[in-house]
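Undergrad: From the sequence below, what's the structure:
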Amino acid sequence: MRNLQELTPADFPGIDAAKFEEWKQARKEADGKAKIKLLVLLGIVVLNVILFVAMEQFVLPGLLPLFLIMFIGLKAERNAGRLWKELGLTRQALKEARSRPGPLAPAH
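TA: Numbers count the residues shown, from 1 in each chain. Sure, this is the predicted structure:
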């Protein structure tokens, strides 16, 4: 199965190529920020566990960062979603395109 970055506008006949490339970039940015969000959340959980063990009471020192990380990547996610709708893509079309073999690599 091909990953998102291997897909081309040719995989979706009749689609706007420039907008498709813009969507791929927005999706990549949103996915990167989602990874950062997950790491920060895990850090806050670990910090709370350590504080719970050390102080024997549950403390939420990361409450403000917890709310802030909810907004990390929100703009990128909205942009990717907007482009997805404008392109008229569907999950089924994406799944089918990813399952098709990609173009053969040129021989050297």
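Undergrad: List the buried residues of the strand or helix carrying residue 96.
TA: Under DSSP states H and E, the secondary-structure element containing residue 96 is helix 91-99. By neighbour count, and taking 16 or more other CB atoms under 10 Å as the criterion, the buried residues in helix 91-99 are residue 97. Bear in mind the C-beta positions are built from the backbone N, C-alpha and C, glycine included.
Undergrad: what does stretch 29-45 give?
TA: By neighbour count, with 16+ other CB under 10 Å as the criterion, the buried positions of stretch 29-45 are 29-30, 33, 37, 40, 44.
Undergrad: And residue 75, how close does it get to residue 88?
TA: Residue 75 sits at a distance of 22 Å from residue 88 (criterion: CB to CB, to the nearest Å).
Undergrad: now do residue 4
TA: Between residue 4 and residue 88 the computed distance is 17 Å (CB to CB).
Undergrad: Okay, and which of the buried residues of stretch 29-45 map to helices?
TA: By the criterion of DSSP state H, membership of the buried residues of stretch 29-45 in helices covers 29-30, 33, 37, 40, 44.
Undergrad: Mind picking the two most distant members of those residues?
TA: Across those, the two members that end up farthest from each other (CB to CB) are 29 and 44, 22.9 Å apart.
Undergrad: before we move on, the earlier item: need the residues that contact the helix holding residue 96.
TA: Here helix 91-99 makes contact (CB atoms under 8 Å, 6 or more residues apart in numbering) with 1-4, 7, 11-12.
Undergrad: if I read this right, residue 73 contacts residue 40, doesn't it?
TA: No. With contact defined as CB atoms under 8 Å, residue 73 does not reach residue 40; the gap is 11.0 Å.
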